[in-house]
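Novice: I'll drop the sequence and a predicted model, then ask my questions.
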Amino acid sequence: MASRLVAESPKGYDLSRKRIAEIISDKILQVGLDNVTDDFELVRILKSYVEVSESEHIEASYGFPCVLLHIGPNHPEVGPPPPDQFALGPVSFEQYSIFAERFSHAIERGEKRA
């Protein structure tokens with residue numbers, strides 16, 4: 001059931017079948033106790049379990065540190081030193097010291113995104 005619900009959901013690519021199966025397992029007994037026999041009502045109830053899963057969902061963003069630029073002296077042939085940070089589309093690049101400081105502050109504040 002969980003796999004089918006995930007496949008039918010517009011946000012299914014980002015949902016956990018395991019979590020939806022847990023929600024079904026926790027709540028399906030109530031459907032039996034309420035004597036739900038209408039197929040449309042049962043489908044509506046099952047889709048509400050997907051909505052519960054979506055409400056618990058936390059988007060995760062990951063940072064992958066890498067060395068892109070070597071900071072050198074300002075030189076007429078080489079050019080000025082690179083900037084502390086810059087962005088190319090949705091990807092931002094920053095010096096490790098800036099990344100490490102922001103990351104440690106986010107962890108200290110208990111943020112879910114760093």
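Specialist: Cool, got the structure.
Novice: do I have it right that Arg19 meets Glu56?
Specialist: Yes. Contact criterion C-beta atoms under 8 Å: Arg19 and Glu56 qualify, at 7.1 Å. In short, each C-beta sits where N, CA and C put it, glycine included.
Novice: quick check, Ala87 in a helix?
Specialist: No. Ala87: not assigned to a helix; according to DSSP: H, G, I helix; E, B strand; the rest coil it is strand.
Novice: check the gap between it and Glu101 for me.
Specialist: 18 Å (C-beta to C-beta, to the nearest Å).
Novice: so how far is Leu5 from Glu54?
Specialist: Counting by C-beta to C-beta, the gap from Glu54 to Leu5 is 11 Å.
Novice: who has more neighbours out of those two?
Specialist: Taking other C-beta atoms under 10 Å, Glu54 and Leu5 do not tie; Leu5 has more neighbours (21 against 14).
Novice: wait, isn't the more buried one in contact with Ser48?
Specialist: No. In this structure, Leu5 is not within contact of Ser48 by C-beta under 8 Å, at 10.3 Å.
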